[in-house]
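Colleague: using only what follows, build the 3D model:
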Amino acid sequence: MCGICGIASRAGSPDPGRLAAMSASLLHRGPDSGGEYLDGPVALGARRLSIIDLAGGDQPIENEDGSCVVVQNGEIYNHPELRRELERDGHAFRTNCDTEVHLHLYEQHGPEYLRRLRGMFAVALWDGRRRRLVLARDRYGIKPLYYRDAGDTLEFASELRALPRGEVDLDALEAFLAFNSIPAPYSIFRDTRKLPAGHVLVWEESGGLSIERYARPGPVPVDEMRADDEAELVEELRARLRDSVRAHLLADVPVGVLLSGGVDSAVLAALAAQETSDAVHTFTIGFQERSFDERADARLVAERYGTNHHELLVQPDPLVLVPALADVFDEPFADSSALPTYLVSQLAAEHVKVALSGEGGDELFGGYYTYAADLLADRVAPLARLARPLVERLPSSTAKASFDYKAKRFVRAAHLPPLERHHGWKEIFSPDARAELMGRPAAFDPVEIYRERYAETAGADPLARLQDVDFGIYLVDDLLVKTDRASMAHSLEARVPFLDSVVTNFAFGLPAKQKVRGLSKKVLLRKAAAPLLPREIVHGRKRGFSIPAAAWLRGELEPFARATLSPDTLRSQGFFQPAPVTRLLDEHVAGAEDWSRQLWGLLSFTLWYERHVEQEPPLLRSGRMEALLA
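Modeller: Residues are numbered from 1 along each chain as shown. The predicted structure follows:
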């Protein structure tokens with residue numbers, strides 16, 4: 001795992017000092033070593049977190065004759081097989097590092113080689129003979145890659161903090177207010193973009209820049225869905241998960257598991273424990289609020305498999321934790337589960353360099369309540385409309401996934417078309433609320449990003465199409481961003497075994513009944529996990545690292561929120577109208593409505609702007625960095 005950056009210029013050789021500064025801003029992603037390469041129009045930089053070939057895998061890495069050079073952020077899990085194949089074809093390897101396979105596969109197949117890779121990566125490869133730079137991102141978008149094309153000069157980096165700041169993109173801000181994250185290809189700055197998942201960018205010294213999609217995971221047509229006996233599907237799924245976990249354990253350092261009380265991370269912990277001879281490290285955090293505390297459930301799994309289990313009870317100090325998150329996230333990001341992910345990553349980084357995480361299980365196997373609501377809505381929409389006045393009068397609870405919260409969301413959107421209601425159940429600020437908040441109606445509708453993705457899967461199962469929207473947008477631009485930044489802030493590599501073609505290709509072919517039946521979710525996954533886990537975990541409610549944000553904003557976080565979102569601050573920054581923000585705070589604190597997700601988003605943006613725009617972006621310092629420097 002690493003951080004990568006670089007410059008390609010048609011207006012003279014890149015500035016080595018500029019490259020060094022970019023690399024230094026990514027030190028937390030790779031504190032073990034750093035390297036730079038300059039050749040004519042191109043400069044490449046890498047910060048390395050040593051996971052495979054600890055002694056010989058420093059980057060950049062060149063091919064046999066030095067005509068190609070590569071830097072990578074990520075891991076290629078099928079690199080041993082690819083290496084054997086390439087050596088049979090006559091290629092000579094200089095290292096035992098997975099990164100080197102990029103060079104020799106590219107020599108053999110050109111940019112098409114990316115389809116052969118099993119892993120997570122953002123990669124930059126300079127082809128000195130053809131004078132072209134190739135940038136690519138893995139098919140699932142696990143690893144990030146930003147780029148800034150200024151005509152004669154292209155700059156790229158693993159994080160936005162390494163690139164020049166610019167004017168805030170109001171369309172990106174509009175999307176942030178709708179989703180609490182910013183979807184690709186947008187970034188918060190108008191002149192900088194994210195390379196989308198499964199895409200390759202080619203820059204030519206002679207002129208021109210092209211971006212193409214090389215992989216598009218997604219659901220199969222209805223007539224190609226699996227119709228096998230359920231028992232056979234259960235056995236196959238368990239075997240595929242085991243295969244993926246085994247591949248994701250590939251490392252020359254210890255690997256742990258980020259363990260919540262839910263079935264996704266629990267099955268990863270169980271399989272990891274069975275696939276390794278040493279006791280697996282597992283890591284869990286909890287809260288004093290009972291509905292958010294998962295330590296007891298996680299402990300059941302840890303005890304069953306004799307893991308080296310580590311727990312942390314979180315007692316929030318908003319003056320420390322919330323600004324710390326604003327430092328970590330290089331653009332506005334308001335998924336409040338980033339806080340526990342950040343803390344559990346900090347805990348894990350004290351013991352291991354690599355940890356498995358359960359992202360992707362919900363999107364692939366039907367784990368969200370919204371999927372049950374999607375199937376229910378067509379039948380009960382008229383009833384929901386009649387019940388809405390009564391439901392709207394329910395008092396606001398601070399419990400996790402409370403009945404009043406889900407009921408209000410359901411009745412407000414049940415009557416809409418499938419995609420719009422699916423978004424409506426998760427929407428942060430509605431179009432009217434965004435217009436009031438920003439003091440202007442917007443010409444840009446962020447939901448159009450969803451519509452474009454949805455249109456690509458015509459002919460697939462209706463539920464699978466909605467899952468695919470979540471898989472390609474929410475998972476990539478929210479959950480994977482959260483996991484990457486929160487883990488890398490502590491120089492910890494997070495791996496996601498559910499996002500492996502061995503697993504995803506299977507899941508994309510499942511009919512809806514194997515994912516959601518009535519109010520039962522993850523039907524097939526739970527059956528596959530049943531022999532491996534305690535009954536309480538297999539049949540428990542949905543879990544995941546989350547926080548009691550609603551309660552905190554009515555308690556210890558309220559003064560901090562009011563100070564951060566003061567009318568003077570909002571007027572000074574110039575993005576949000578003070579009156580609607582104050583009203584949201586007042587209504588939330590009074591218990592009239594749960595506005596915690598909206599307020600968390602406003603807090604996140606305001607703190608991000610203070611710390612990344614009004615001042616120099618902060619340099620992150622992980623515990624592992626401090627130990628190395630000492």
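
Colleague: low-scoring stretches of this structure, by residue?
Modeller: For the chain, the stretches with pLDDT under 70 are 1, 290-291, 316, 380-414, 542-546, 629-630.

Colleague: centroid-nearest residue for it?
Modeller: residue 480 (0.8 Å; Cα atoms, centre = their mean).

Colleague: in terms of helices and strands, where is that one?
Modeller: helix 480-488 (DSSP states H and E).

Colleague: need the CA coordinates for stretch 269-284. PDB is fine.
Modeller: The C-alpha coordinates for stretch 269-284 follow below in PDB (Å, rounded to 0.1, in the frame of the first residue of the first chain):
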ATOM      1  CA  ALA A 269     -12.800 -13.200  10.600                       C
ATOM      2  CA  ALA A 270     -14.000 -16.800  10.700                       C
ATOM      3  CA  LEU A 271     -12.500 -17.700   7.300                       C
ATOM      4  CA  ALA A 272      -9.200 -15.800   8.100                       C
ATOM      5  CA  ALA A 273      -8.900 -17.700  11.300                       C
ATOM      6  CA  GLN A 274      -9.300 -21.000   9.400                       C
ATOM      7  CA  GLU A 275      -6.800 -20.100   6.700                       C
ATOM      8  CA  THR A 276      -3.900 -19.100   8.900                       C
ATOM      9  CA  SER A 277      -1.900 -21.100  11.500                       C
ATOM     10  CA  ASP A 278      -1.400 -18.000  13.700                       C
ATOM     11  CA  ALA A 279      -4.100 -16.400  15.800                       C
ATOM     12  CA  VAL A 280      -5.700 -13.600  13.800                       C
ATOM     13  CA  HIS A 281      -5.900 -10.100  15.400                       C
ATOM     14  CA  THR A 282      -9.400  -8.700  15.500                       C
ATOM     15  CA  PHE A 283     -10.400  -5.100  16.300                       C
ATOM     16  CA  THR A 284     -13.700  -3.700  17.600                       C
END
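
Colleague: residues touching that stretch, excluding its own?
Modeller: For stretch 269-284, contacts defined as Cβ atoms under 8 Å, 6 or more residues apart in numbering pick out 241-242, 245-246, 249, 254-261, 294-295, 298-299, 301-302, 304-312, 344, 347-348, 351-352, 355-356, 529, 532-533. Placement of C-beta: from N, CA and C, glycine included.

Colleague: rerun that using 7 Å as the cut-off
Modeller: 241-242, 245-246, 249, 254, 256-260, 294-295, 298, 301-302, 305-311, 344, 347-348, 351-352, 355-356, 532-533 (Cβ atoms under 7 Å, 6 or more residues apart in numbering).

Colleague: sort out for me which of those residues are in helices.
Modeller: Among the contacts of stretch 269-284, the ones falling in helices (DSSP state H) are 241, 242, 245, 246, 295, 298, 301, 302, 305, 344, 347, 348.

Colleague: residues contacting the third one?
Modeller: What that stands for is residue 245. 268, 271, 272, 275, 497.

Colleague: need phi/psi at the third one.
Modeller: Recorded main-chain torsions at residue 272 are phi -60, psi -40, according to degrees, to the nearest 10.

Colleague: how many neighbours does it have?
Modeller: Look at residue 272: counted by other Cβ atoms under 10 Å, it has 24 neighbours.

Colleague: cool, the fourth one as well?
Modeller: Neighbour count for residue 275, taken as other Cβ under 10 Å: 15.

Colleague: so what's it closest to, chain neighbours aside?
Modeller: residue 246 (5.1 Å; Cβ to Cβ, 6 or more residues apart in numbering).

Colleague: can you check the third one too?
Modeller: Computed as Cβ to Cβ, 6+ apart, the closest residue to residue 272 that is not its neighbour in sequence is residue 280, at 5.0 Å.

Colleague: for the one you found, give its distance to residue 468.
Modeller: 32 Å (Cβ to Cβ, to the nearest Å).

Colleague: related to what we said a few turns ago, of the contacts of residue 245, just say which sits nearest to residue 65.
Modeller: residue 497 (36.9 Å; Cβ to Cβ).

Colleague: starting at the chain centroid, how far to stretch 242-254?
Modeller: With Cα atoms, centre = their mean, to the nearest Å as the basis, stretch 242-254 stands 20 Å off its chain's centre.

Colleague: please point out which parts of that stretch sit buried.
Modeller: 242, 243, 244, 245, 246, 247, 248, 249, 250, 251, 254 (16 or more other Cβ atoms under 10 Å).

Colleague: can you report how many residues neighbour the nearest residue to residue 549 once chain neighbours are set aside?
Modeller: Distances taken as Cβ to Cβ, 6+ apart put residue 596 closest to residue 549, at 4.2 Å, once the chain neighbours are dropped. Residues near residue 596, counting by other Cβ under 10 Å, number 23.

Colleague: and if you look at the one 3 residues further on?
Modeller: Applying the criterion other Cβ under 10 Å, we find 25 residues in the vicinity of residue 599.
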